[in-house]
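K.L.:
following is a predicted model, sequence given first.
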Amino acid sequence: MKIDEAIRIVEPHLTQKRFEHTLRVKDTAINLAKLYDESIEKAELAAVFHDYCKYRSLDEMERIIKTTSLPKDLLNFHHELWHGPVASVLIDQEYGIDDGEIKQAIYSHTTGRANMSKLEMIIFLADYIEPGRDFPGVVDVRETAKKDLVLACWMASKNTISFLMKKNATIYPDTFYAYNDLTKRTN
Ligand code: DGI
Ligand code: FE
Ligand code: FE
Ligand code: FE
């Protein structure tokens, strides 16, 4: 799918703010793809669709989780974690986007997971560092992203877990698996 078509499809599903975030994630993902020698076409398509299902109703997301091969344990965790996995299924069903690497990058963009591919790390990181974000510590992560993809993902993962623990939120296993794996891959 051409990127302009993808943007046209996604825009009506998002708020103006979320759409602008998506375009910034796309630009950030393109920069990271160039820097780390990943496919620009895959990075931009994954970025444009990464939050495609952010505003689906909880009922619809729950139904898709229940009726497809998505892991059912998602339903025991915060619904914020559902939109990536649900989008990875719907872009294939609705638009025939069946590229496994793109689908996986969209799937894991919120939590990360163990053994992330380069494309997954690029989308995970681009979502975290796009220029509209102002999380505590994001400036350091942005700087590190220019030099070390794994280390920058590890910093983002660590910050997210700290943030969630401060809020007493439950943490999905993949979020911890991402952190543990990135810790081992950083040295
Ligand atoms: O969709 P975005 O807002 O662009 O970003 P995202 O999909 O990365 O979602 C970010 C939110 O998800 C952020 O508030 C942190 C939260 N999150 C990430 N991992 C977990 C989590 N929330 C819970 N409860 N548990 C997690 O493991
Ligand atoms: Fe998201
Ligand atoms: Fe994220
Ligand atoms: Fe996002």
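P.N.:
Perfect, I can see it now. Ligands and ions are numbered 1, 2, ... in the order given.

K.L.:
okay, Asn187: pLDDT?
P.N.:
Asn187 is assigned 76 on the pLDDT scale.

K.L.:
burial count for it?
P.N.:
Neighbour count of Asn187, defined by other CB atoms under 10 Å: 6. C-betas here are computed from N, CA, C, even on glycine.

K.L.:
distance of Arg142 from Leu75?
P.N.:
34 Å (CB to CB, to the nearest Å).

K.L.:
among these two, which residue is more densely surrounded?
P.N.:
Taking neighbours as other CB under 10 Å, Arg142 and Leu75 compare with Arg142 leading, 18 against 14.

K.L.:
please name the residues that touch the residue nearest to Glu80 when sequence neighbours are not counted.
P.N.:
Closest residue to Glu80 apart from its sequence neighbours, by CB to CB, 6 or more residues apart in numbering: Thr110 at 7.0 Å. Contacts for Thr110 (CB atoms under 8 Å, 6 or more residues apart in numbering) come out as 80-81, 83-84, 127.

K.L.:
how about Ile171?
P.N.:
161, 164-165.

K.L.:
before we move on, what SS does Pro12 have?
P.N.:
Under DSSP: H, G, I helix; E, B strand; the rest coil, Pro12 falls in the helix class.

K.L.:
tell me how many other residues crowd it.
P.N.:
Neighbour count for Pro12, taken as other CB under 10 Å: 7.

K.L.:
find the residue at the geometric middle of the chain.
P.N.:
His109 (1.8 Å; CA atoms, centre = their mean).
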